[in-house]
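In: here's my sequence, what's the structure:
(one chain, ligands or ions: 1)
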Amino acid sequence: INADSGAPTIFDKIINKEIPSNIVYEDEKVLAFRDINPQAPVHVLVIPKVRDGLTQLGKADARHGEILGQLLYAAKIVAEKEGILDGFRVVINNGPSACQSVYHLHLHVLGGRQMNWPPG
Ligand code: 5GP
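Out: From the prediction side, this is the model:
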């Protein structure tokens with residue numbers, strides 16, 4: 001499990017289309033693409049196109065309020081597009097003890113199967 005070094009991540013290459021991804025939704029501020037190692041029939045990552053210090057949610061500042069809202073709204077749009085509005089989960093892993101591995105803030109949108117609670 002990685003720590004937050006502040007270094008650029010693989011998601012920059014995805015944003016810049018230097019490596020391919022399966023894009024589900026995109027707008028000026030937000031990119032949503034399928035997770036390469038899906039944990040559910042639908043598993044989409046929603047990320048800000050500009051990281052702006054948001055390596056993890058725990059680094060959020062008041063200035064990030066707008067983009068945080070846009071990311072959450074994009075998660076809803078993704079759920080709608082994927083046909084899972086009746087039941088889906090949005091997850092943010094923050095830091096090593098939560099198994100965060102990529103230090104560019106991302107929301108996991110998961111669905112298409114029964115999601116159990118509590119998570120592991
Ligand atoms: P985290 O563990 O940081 O919450 O989630 C990172 C997610 O990024 C993991 O679910 C992992 O499968 C996904 N991921 C890592 N590298 C790539 C990649 O190159 N392409 C895609 N589409 N997903 C990736």
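
In: kindly report the residues of this structure close to the ligand.
Out: Selection of the chain residues close to the ligand by CB under 6 Å from any ligand atom yields 10, 21, 33-37, 45, 93, 99-102. C-beta here means a position set from N, CA and C on the backbone, and glycine is covered the same way.

In: ok, residues contacting the top strand by length along the chain?
Out: Counting residues, the longest strand found in the chain (DSSP state E) is strand 42-48. The contact list for strand 42-48 (CB atoms under 8 Å, 6 or more residues apart in numbering) reads 11, 15, 24-25, 29-35, 54, 67, 70-71, 74-75, 78-79, 82, 84, 88, 104-112.

In: buried ones among those residues?
Out: 11, 15, 24-25, 30-33, 35, 54, 67, 70-71, 74-75, 78-79, 82, 84, 88, 104-111 (16 or more other CB atoms under 10 Å).

In: looking at the residues you listed, which are in strands?
Out: Going by DSSP E, the strands hold 24-25, 30-33, 88, 107-111 from these.

In: between those, which sits nearest the ligand?
Out: Taking CB to the nearest ligand atom as the measure, the ligand lies nearest residue 33 of those, at 5.4 Å.

In: for the nearest residue to residue 59 once chain neighbours are set aside, grab phi and psi.
Out: Using CB to CB, 6 or more residues apart in numbering and skipping residues adjacent in sequence, the residue nearest residue 59 is residue 53, 5.7 Å away. For residue 53, the backbone dihedrals (degrees, to the nearest 10) come out as phi 90, psi -10.

In: for residue 53, what are its contacts?
Out: Taking CB under 8 Å, 6+ apart as the test, what residue 53 contacts is 59, 61, 64.

In: can you tell me the SS state at residue 2?
Out: For residue 2, the assignment made with DSSP: H, G, I helix; E, B strand; the rest coil gives coil.

In: I'm done for today, thanks for sticking with me.
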